[in-house]
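J.: A structural model of the following input is requested.
(chains A and B)
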Amino acid sequence: MNLSLFIILPIVTCLAILFATAKEQGKWIALFGSSVQLILTIILFLQYNSLPASTAPAFQFDAVWYPAWNIHYHVGVDGISIAMMLLTAFVVVAGVLVSWSQETLSKEFFFLLILLSAGAYGFFISLDIFTLFFFLEVAVLPKFLLIGIWGSGRKEYSAMKLALMLMAGSGLVFVGLTGIYFQSSGAHSFDMLVLSQSHLPVKAQMIYFPFAFVGFGIFTALFPFHTWVPDGHSSAPTAGSMFLAGISMKLGGYGCLRVATYLMPEGAHYYAPYIIALATIAIIYGAFATMMQKDLKYINAYSSVSHCGFVLLGIGMLTKTSITGAVMQMVSHGLMTALFFAVIGMVYGRTHTRLVEKMGGLLKVMPFISTIFVLVGLCSLGLPGLSGFVAEMTVFVGSWQNPDAYYRIATILSCASIVVTAVYILRATGRTIMGPINTEHLILTDATWTEKTASILLLVGILAIGTAPFWLTNLIAPVSNDIIQHLAR
Amino acid sequence: MNEYYVLLIPILPLASFVLSGIFGRKYLKEFSGTIGTVALLASAILSLLVAKHYFFDTEKVNGAYQSIVLMNHTWLSFTPNISIQIGALLDPISVMMLVVVTFVSLMVHIFSLEYMKGEERFATYYAFLGLFTFSMLGLVLSSNIFQIYMSWELVGVSSFLLIGYYFEKPSAVAAAKKAFIVTRFADLGFLIGILILSFHAETLDFKLLIAKLVDTHSPEYLSITTGSFLGVSALTWGLCLIFMGGAGKSAMFPLHIWLPDAMEGPTPVSALIHAATMVVAGVFLVARLFPLFSNDEIALHLVGYVGIISSMFAAIIACTQTDIKRVLAFSTMSQIGYMMFSLSMAKYGGENGLGYLASMFHLFTHAFFKSLMFLGAGVIIHFVHNNDMSAMGGLRKYLPVTNITFLIGCLAISGIPPFAGFFSKEEILTACSHENKTIYWLALLTSGLTAFYMFRLYFSIFWNKEAHIHGHHYEAGWAMKLPLILLAILSIGAGLVPFGQFVTSDGLVLPTHVDLAFSALPVSLALIGIAIAWILYKDENSKSTSIATSLGGLYTIIYNKFYFDELYIFITKKIIFNLIGQPAAWIDRNIIDGTVNLTATVTASISESIKGIQSGKLQQYLLYFFGGVAALALFFIYLIK
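T.: So this is what the prediction gives:
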């Protein structure tokens, strides 16, 4: 399959939206484009699965982009990138569907959504780290506008904060990338496959690993650079939050793994204890901070900080299983948190409040939305049968394979978060879905067809991983095995 | 030999859950009850077939029942050796549990057809019952320790959903949350225990795990016992932590606080989950890993002392409670304590395995008489519309069937021959008298207390003051009476099952016998308990209240359950919320985010102060230019010579 399709199609969709004559057409085009993209991604997944096992990226395409600096447009996919693309495809379709009633500047809104997805797809298929960086930026900028124009609350402040912090992250990433570029032996190259063969000097790794890792880490809410998450999410429109948590935060995790860790093995080993410390703090501290939140979006944003900690923990633990778990957690958390933001958006759209104490007994008037709310909450607290459980358990078991006492303590502390998660999820559920109903809410209606379709779509993903995780591990594990072998060299 | 129909046993309730869960609210409605009941009937029949097949038709090896694993499908592979296999393990305890779970669940399904009739969320109720039954059967059949952990979480969540069934009642929501969170905390121990054992044994499979860690010469055993943490080996840590999970689920002291509150759920649910099946999961877990526990002195002692303390503690509290469901809840906790310490009185194999047999036997009989009493309580509550004993009295005239069956249940739990509880309790006491005299005497005392509080309950409900019932005098229909009668028959007859023929620690037959001389003491203690209850509660009088008043503060402490709830509230609200949660949230907003904002503010103010330079005025720029030239000139002239 020609991978460039995954970039071309969203761009064509974007253009089509811009040239649409009627306002109504925009969303239909967006839905059509993103659905085709979803189908394409599934076909890609099936095609990849039928290929003979190989560690080299599949469906490669290489063209020189800027010869003076040896920058290539080099794309290719392996199990991990396909997993991330599947996640993106699901979240984009769901995000378009929940924005169905978007009235203000709706063409521009859908244009930006699809543009953002183009950036994400490009990021996940790039094998050249400069191209990868390019697409990272494409995926960041629309967010500033999405929040600034369609957001709510202190939207200008949040949009600015998010953009600046992510830009700072990008800046650090760029320093890391140029460092890698200039320190690589032989002809300077941005190509991941070339770079992984040429050994970067250990001294250079010690310098550039933190830049690349922290830079990407900011995207995935690395403690203490996570504060854009609560503000950004709380001000973003529903689809914006879904994209932010479901896709953007995953760009960071993917970068930490693919660029920082994979290209700088000694750096990764050296800094692993620090990564683990920060990840553990994020997991526990994020969970406790969530417990105290009163706004549903803040609850989910802080819980994302905690859940993304598992991604970083899995990467920092540097075992095959923990890395598989980290990738599974990215996919699982992406689907789950997108669905959670979607549900919060549905509740907010009806009750016009996100404050937990102003709600109650919603199950009585909106059984569908409430059921989804409970299911996604249960996924978040790691109920078997839903995706959160398999991902977290893989991270835990993988982390435990490190017999060192320091790693063990970090693992136990991270495990302890499952109790705190249960506390905040059940508190939120108990106050909003259960309990006596606010009499003003008795007239509210249940989900519309687009909202139902979006929820079911994401739920299917969650259930597919939760009830039959083997297809996902079979996709990821060979690649993480390869990464670990590469790191051990 | 094709035993794949075993897999149908859990799948049928799952199908009922899926059907009623998706289509119940809109399309199936009342019909969901029928679907669930029929599915469970099929499951129960299949379980009996499996039991017959397993115990009578399968060939034994050297006289012992073998454990059979069906369908070992790799579900999630962590490392080449450690993976979650989904399978069904058939051995004497799992087959016994299959029968118990499906039978009690069937009774509850039938009972609920009438009890829950007219409820708005009738279909949802049956969906949840199906989910619970599926998870519980999955737990029982687990062939892999991670599979049991998964089912463990699923029964936990079904319990949460069912306790919170009356979701508009704040007390039900609070109880559901409490049950889930307390057991989740315990499950944390379980999870870490699994991680410890699986790391050293390099497997999650029960059979392999046990085989590797029982053999004292295997490399796995050496790896897990060399080195220690706080003077205790990794094996002991693993087992104790796993037991923590079991203690949470089985409401053992001090993790018991969720069970009394769980009575907020519909009464048939209490009969199924909080009396007969889920709460004995902890006992089942210890029994499942018994070869490991029996080799580990510390872990086994922990099980024993937690068991006996819970048993006494709950029995004492039960004497003071007035809510009939809470009395039953505490009695459940007390009886599970019996099963726990009975297990600790056993060793693996032969005569020494009596405690194991007795524990499983008591689990078996208890399931019937306790669910009988809960369902009876359901009829009573349905009739009086109140949970409190003080609102009852003299009900024997109105509820004849309930009266007789409830009495049978009380006699059975008190250990009066020839009712079922007598036989199982007898075995427990025999095992204790051989092993540990302290526990034996405490257990005897507890059995006297049991008889007292059960008959206090019985007399207060059915005798005592005259009832003033207005309106309808209708006890219940057949859907509610039939389960009572069937369970009552089993509460009489289950003790006659020659249990030692079927369920023993090593699968070999261990003949059991009743020794009249030995039985005299416990039975007479039980009779004394009943007699005291008769004196105090049979007729309306003030003797009991005057005793309570004379006990003064002690009575208040016991009545308030030794203030354990308050202690937990103090720990969660005051310590965790105020000292950890609030500061974490505050630090995040003010210090960490404050730094971020400060950086932005500082940057902004710096640029604010220097932006004047870029004024756009040509004269100013010219001034800068000449100023610069002058400065450079001075620099070159005086500093660089």
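
J.: and the contacts of stretch A:12-19?
T.: Outside stretch A:12-19, the residues that touch it by C-beta atoms under 8 Å, 6 or more residues apart in numbering or on different chains are A:25-26, A:29-30, A:32-34, A:37, A:107, A:110-111, A:114-115, A:118. (Each C-beta comes from the backbone N, C-alpha and C, glycine too.)

J.: ok and the residue in the stretch 301-450 of chain B nearest chain A?
T.: Taking C-beta to the nearest C-beta, chain A has its nearest neighbour within the stretch 301-450 of chain B at B:Leu302, 19.7 Å off.

J.: helix or strand: which one has residue 36?
T.: In the absence of a named chain, chain A is used. In the assignment (DSSP states H and E), A:Val36 maps to helix A:23-50.

J.: you looked at the wrong chain, it should be chain B
T.: According to DSSP H and E, B:Gly36 maps onto helix B:31-52.

J.: quick one: that helix near chain A?
T.: No. Among the residues of helix B:31-52, none lie within reach of chain A under C-beta under 8 Å from any C-beta of the partner chain; the closest is 14.9 Å away.

J.: neighbouring contacts of that helix?
T.: The set of residues that contact helix B:31-52 without belonging to it, under C-beta under 8 Å, 6+ apart, is B:3, B:5-6, B:8-10, B:12-13, B:15-16, B:19-20, B:24, B:28, B:90, B:95-96, B:98-99, B:101-103, B:105-106, B:109-110, B:112-113, B:116, B:122-123, B:126-127, B:129-130, B:133, B:137.

J.: buried subset of the residues you listed?
T.: B:3, B:6, B:9-10, B:12-13, B:15-16, B:19-20, B:24, B:28, B:90, B:95-96, B:98-99, B:101-103, B:105-106, B:109-110, B:112-113, B:116, B:122-123, B:126-127, B:129-130, B:133, B:137 (16 or more other C-beta atoms under 10 Å in any protein chain shown).

J.: for the helix holding A:Val36, buried residues please.
T.: In terms of neighbour count (16+ other C-beta under 10 Å), helix A:23-50 has its buried residues at A:25-27, A:29-31, A:33-38, A:40-41, A:44-45, A:48.

J.: list of residues touching the lengthiest strand in chain B?
T.: Looking across chain B with DSSP state E, the single longest strand is strand B:68-77. The set of residues external to strand B:68-77 that reach it, using C-beta under 8 Å, 6+ apart, is A:390, A:393-394, A:468-470, A:473, A:477, B:3-4, B:6-7, B:54, B:58, B:83-91, B:143, B:147, B:207.

J.: next structured bit after that strand?
T.: Per DSSP H and E, strand B:68-77 leads on to strand B:83-90 as the next helix or strand towards the C-terminus.

J.: same for that next one, what does it pack against?
T.: In terms of contacts (3 or more C-beta pairs under 8 Å, 6 or more residues apart in numbering or on different chains; DSSP states H and E), strand B:83-90 is packed against helix B:5-23, strand B:68-77, helix B:122-141, helix B:145-163.

J.: ok, the residue nearest to A:Met317 when sequence neighbours are not counted - contacts?
T.: The shortest distance from A:Met317 to any residue that is not its chain neighbour, by C-beta to C-beta, 6 or more residues apart in numbering or on different chains, is 4.5 Å, and that residue is A:Ser399. With contact taken as C-beta under 8 Å, 6+ apart, A:Ser399 is in contact with A:313-314, A:317, A:319, A:322, A:407, A:410-411, A:414.

J.: mind listing the strands the longest strand along chain A pairs with, and their directions?
T.: Once chain A is assigned using DSSP E, the strand that runs over the most residues is strand A:58-66. The sheet places strand A:58-66 alongside strand A:71-77 (antiparallel), with pairing taken from DSSP bridges.

J.: can you show me the CA trace of the partner strand as PDB?
T.: Extracted as PDB, the C-alpha positions of strand A:71-77 are listed here (Å, rounded to 0.1, in the frame of the first residue of the first chain):
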ATOM      1  CA  ILE A  71      16.500  15.400   4.300                       C
ATOM      2  CA  HIS A  72      14.400  12.600   2.900                       C
ATOM      3  CA  TYR A  73      10.700  12.100   2.600                       C
ATOM      4  CA  HIS A  74      11.100   8.500   3.900                       C
ATOM      5  CA  VAL A  75       8.000   6.700   5.100                       C
ATOM      6  CA  GLY A  76       7.400   3.100   6.300                       C
ATOM      7  CA  VAL A  77       5.400   1.400   9.000                       C
END
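
J.: ok, and what's touching that strand?
T.: Among residues not part of strand A:71-77, those counted as contacts by C-beta under 8 Å, 6+ apart are A:3-4, A:44, A:48, A:56-65, A:85, A:124-128, A:130-131, A:190-191, A:193.

J.: where do the helices of the stretch 351-489 of chain A begin and end?
T.: In order along the chain, the stretch 351-489 of chain A carries the following helices (DSSP state H, counting those that start in this stretch): A:362-365, A:367-380, A:387-400, A:405-432, A:449-467, A:470-488.

J.: deepest in the core, which of the ones you listed is it.
T.: helix A:387-400 (a mean of 28; mean count of other C-beta atoms under 10 Å in any protein chain shown).

J.: mean confidence score for it?
T.: For helix A:387-400, the mean pLDDT works out to 93.

J.: relative to helix B:145-163, how tilted is it?
T.: Orientation check (axes from the mean of the first three to the mean of the last three C-alpha atoms, to 10 degrees): helix A:387-400 against helix B:145-163 gives 140 degrees.

J.: chain B contacts on the stretch 201-350 of chain A?
T.: Taking C-beta under 8 Å from any C-beta as the contact definition, the stretch 201-350 of chain A meets chain B at A:224, A:226-228, A:231, A:285, A:288-289, A:291-293, A:302, A:320-321.

J.: if we can go back for a sec, you'd agree the residue of the stretch 301-450 of chain B closest to chain A is up against B:Phe243?
T.: Yes. With contact defined as C-beta atoms under 8 Å, B:Leu302 and B:Phe243 form a contacting pair (6.2 Å).

J.: which helix or strand in chain B has the lowest average pLDDT?
T.: Here the helix or strand of chain B ranked lowest by mean pLDDT, DSSP states H and E is strand B:228-229, holding a mean of 76.

J.: right, and the helix or strand after it?
T.: The element immediately downstream of strand B:228-229 (helix or strand, assigned by DSSP H and E) is strand B:232-233.

J.: CA atoms only for the helix or strand that comes right after that next one, dumped as CSV, please.
T.: Moving toward the C-terminus from strand B:232-233, the next helix or strand (DSSP H and E) is helix B:234-249. Extracted as CSV, the C-alpha positions of helix B:234-249 are listed here (Å, rounded to 0.1, in the frame of the first residue of the first chain):
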residue,chain,number,x,y,z
ALA,B,234,9.6,-13.7,48.8
LEU,B,235,7.3,-16.8,48.8
THR,B,236,5.8,-15.8,52.2
TRP,B,237,5.4,-12.2,51.0
GLY,B,238,3.7,-13.4,47.9
LEU,B,239,1.3,-15.7,49.7
CYS,B,240,0.5,-13.2,52.4
LEU,B,241,-0.2,-10.5,49.8
ILE,B,242,-2.4,-12.9,47.8
PHE,B,243,-4.2,-13.7,51.0
MET,B,244,-4.8,-9.9,51.5
GLY,B,245,-6.8,-10.0,48.3
GLY,B,246,-8.7,-13.0,49.6
ALA,B,247,-9.4,-11.3,53.0
GLY,B,248,-10.7,-8.3,51.2
LYS,B,249,-13.2,-10.2,49.1
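
J.: find the residue at the geometric middle of chain A.
T.: A:Lys250 (2.9 Å; C-alpha atoms, centre = their mean).

J.: host element of that residue?
T.: In the assignment (DSSP H and E), A:Lys250 maps to helix A:249-255.
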